[in-house]
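[1] Fold the stuff below for me.
(2 chains)
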Amino acid sequence: MSVLHLNESEFNAKIPASSVAMVDFWATWCGPCKMLAPVIDSIGGKYEDKAVIAKVDVDANPGLAAKYGVMSIPTVIFFKDGKEIDRKVGVQPADVYTKTLDANL
Amino acid sequence: MPYDIAVIGSGPAGLSAAINARARGKSVLVVGNDYRESPLYRAERVDNYLGMPGMTGPELMEAYRRHAETMEVDLRTGRVLNIMQMEGTSYLSIGSDMETARAVVLTTGVARGKKLPGEEQYLGRGVSYCATCDGMLYRGRPVVVVGLAPDAPEEANFLQGIGCQVTYVSAKQPEGLVPAITWVQQTGRLEILGEDLATTLRIGDRELPAQCIFLLRSAFPPTDLLPDLALEDGYITVDRHMRTNLPGVFAAGDCTGLPLQLSKAVGEGLVAGQAAAEYVDQLSNS
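    Just a heads-up that it's a prediction; the model follows:
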């Protein structure tokens, strides 16, 4: 499983313990999120050994969405040692995400 | 299964592209506003359409729709919010749905009206174009809907229905709003204010607090859909085959430039539909 689907407690256990992580905040009702899904999957495949690539369903985990001030979905947040280092709001081409990952690996 | 061709815009150029691509055996999805919103529908009479002077806009538009239906074009009412191209496939987000196509024909007409002050700055940080996408994040909180499209009251009702506290702003009194929604008449210039995040919609000298401001328009500039699309004087740059600078993306009709006339839209639609069909054939053969 190259892309992890995290709930709140899994997120709290996993993300602070990861040196680099990329988390896609999404929901089932959101067309742009569906469009981004294959991009996240492909990044998950490529970065499996280097970073944690994960998704959080904001509908099932409203606490996480509120904690990180997710105001529009999809929002992709990058973490280093559990601290937010960058975020991309809306659908972006794959290289926007991979560049941020590469710069922090 | 992806569609062969997705046409964005349901006016004369889009429907002409669609039937001509169908005539070449391609599967075609057309996504656009209700056809009664097409500028052609509002034309009292059209006197320069060859051989058929004196037709009314609604007569022509209804005949075009019937033709497209007969040709088994998939017609969908909706708003395309994003297009992303990846590995020879275009992904389109349409409200809460996603569709895929191998080629795209843009027939989006002319987007009238400029962006509001603050709109770009706060997009994704308290400004949203998509009620179905972002509404759930604002349950129990005050939001403002700026109704610039005929279906905006439905979207406002949706937001109120999921638990947002909606204020609706428009120049004219809207029809069909649920009673719980407050209507505020737009009497002056709109501006979005905030700090890190948008907090307020200013209307003339009145200020409405909001955690999210939903701007619901009928038409977007095509570069909102495809940021790398080349434009010239605000119109999409195309060649004789209605190809844009992006592979697999074609354009036709008013969005490519003057004159903004029916015959030109229909003619360009034909060229774009055939060129897109040819492009799909080349993809299949390679």
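
[2] Only C-alpha atoms from now on, for both contacts and neighbour counts.
    Will do.

[3] Report the central residue of chain A.
    A:Val23 (1.3 Å; C-alpha atoms, centre = their mean).

[4] Now that one. Its backbone dihedrals?
    Torsion angles at A:Val23 (phi, psi; degrees, to the nearest 10) stand at phi -120, psi 120.

[5] Touching, it and A:Pro74? I think so.
    No - between A:Val23 and A:Pro74 there is no contact under C-alpha atoms under 8 Å: 10.2 Å.

[6] roughly how far apart are the closest residue to chain B within chain A and B:Ala272?
    Among all residues of chain A, A:Gly31 sits closest to chain B, at 3.9 Å; criterion: C-alpha to the nearest C-alpha. Distance of A:Gly31 to B:Ala272, computed by C-alpha to C-alpha, to the nearest Å: 27 Å.

[7] more neighbours, the two?
    For A:Gly31 and B:Ala272, the more surrounded residue by other C-alpha atoms under 10 Å in any protein chain shown is B:Ala272, and the numbers stand at 33 against 26.

[8] out of everything not next to it in sequence, what's closest to that one?
    B:Met242 (5.3 Å; C-alpha to C-alpha, 6 or more residues apart in numbering or on different chains).

[9] ok, now B:Thr89?
    B:Arg102 (4.9 Å).

[10] circling back: ok, the residue nearest to the centre of chain A - contacts?
    Going by C-alpha atoms under 8 Å, 6 or more residues apart in numbering or on different chains, A:Val23 touches A:Ile53, A:Ala54, A:Lys55, A:Val56, A:Val76, A:Ile77, A:Phe78.

[11] These into CSV, with extra columns for neighbour count and pLDDT?
    Shown next, in CSV, are the contacts of A:Val23 (neighbours: other C-alpha atoms under 10 Å in any protein chain shown; pLDDT from 0 to 100):
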residue, neighbour count, pLDDT
A:Ile53, 25, 97
A:Ala54, 23, 97
A:Lys55, 22, 97
A:Val56, 22, 97
A:Val76, 23, 97
A:Ile77, 21, 97
A:Phe78, 23, 98
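
[12] so what does the lengthiest helix in chain A touch, helix or strand wise?
    As assigned by DSSP state H, the longest helix anywhere in chain A is helix A:31-47. If you count contacts as 3 or more C-alpha pairs under 8 Å, 6 or more residues apart in numbering or on different chains; DSSP states H and E, helix A:31-47 packs onto strand A:52-57, helix A:94-104, strand B:80-86, strand B:89-94, strand B:97-106.

[13] how about those, which one is nearest B:Leu137?
    Checking the helices and strands packed on helix A:31-47 against B:Leu137 by C-alpha to C-alpha gives strand A:52-57 as the closest, at 11.7 Å.

[14] Would you mind writing the CA trace of that closest one as PDB?
    The C-alpha trace of strand A:52-57 is given here as PDB (Å, rounded to 0.1, in the frame of the first residue of the first chain):
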ATOM      1  CA  VAL A  52       5.100   9.000   3.800                       C
ATOM      2  CA  ILE A  53       2.400   9.700   1.300                       C
ATOM      3  CA  ALA A  54      -1.000   9.800   2.900                       C
ATOM      4  CA  LYS A  55      -4.600  10.800   2.500                       C
ATOM      5  CA  VAL A  56      -7.100  12.100   5.100                       C
ATOM      6  CA  ASP A  57     -10.800  12.100   4.500                       C
END
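
[15] Just want the angle from that strand to helix A:31-47.
    Regarding strand A:52-57 and helix A:31-47, their directions subtend 160 degrees when assessed with axes from the mean of the first three to the mean of the last three C-alpha atoms, to 10 degrees.

[16] wait, does strand A:52-57 contact chain B?
    No - against chain B, strand A:52-57 shows no contacts by C-alpha under 8 Å from any C-alpha of the partner chain, the least distance being 11.7 Å.

[17] Run me through the strand neighbours of that strand, direction for each.
    Under the criterion DSSP bridges, strand A:52-57 sits next to strand A:4-5 (parallel), strand A:20-26 (parallel) in its sheet.

[18] check which helix or strand covers the residue in the stretch 101-250 of chain B positioned nearest to chain A.
    At 4.6 Å from chain A, B:Cys133 is the closest residue in the stretch 101-250 of chain B, using C-alpha to the nearest C-alpha. Using DSSP states H and E, B:Cys133 sits in helix B:131-134.

[19] In the contacts of A:Val23, find the pair that's most separated.
    A:Val56 and A:Phe78 (12.9 Å).

[20] Could you report the neighbour count for the residue of the stretch 1-150 of chain B found nearest chain A?
    Residue nearest to chain A within the stretch 1-150 of chain B: B:Ser96 (3.9 Å; C-alpha to the nearest C-alpha). Other residues lying near B:Ser96 total 18 when counted by other C-alpha under 10 Å.

[21] so what's the most centrally placed residue in chain B closest to, chain neighbours aside?
    Centroid-nearest residue in chain B: B:Ala219, 4.3 Å away (criterion: C-alpha atoms, centre = their mean). Closest residue to B:Ala219 apart from its sequence neighbours, by C-alpha to C-alpha, 6+ apart: B:Ala111 at 5.2 Å.

[22] separation between the one you found and A:Phe79?
    From B:Ala111 to A:Phe79 the distance is 39 Å (C-alpha to C-alpha).

[23] One more: B:Pro247?
    Taking C-alpha to C-alpha, one finds B:Pro247 at 35 Å from A:Phe79.

[24] ditto for B:Val31
    Separation of B:Val31 from A:Phe79 (C-alpha to C-alpha): 38 Å.

[25] B:Gly25 now?
    B:Gly25 is 49 Å from A:Phe79, by C-alpha to C-alpha.
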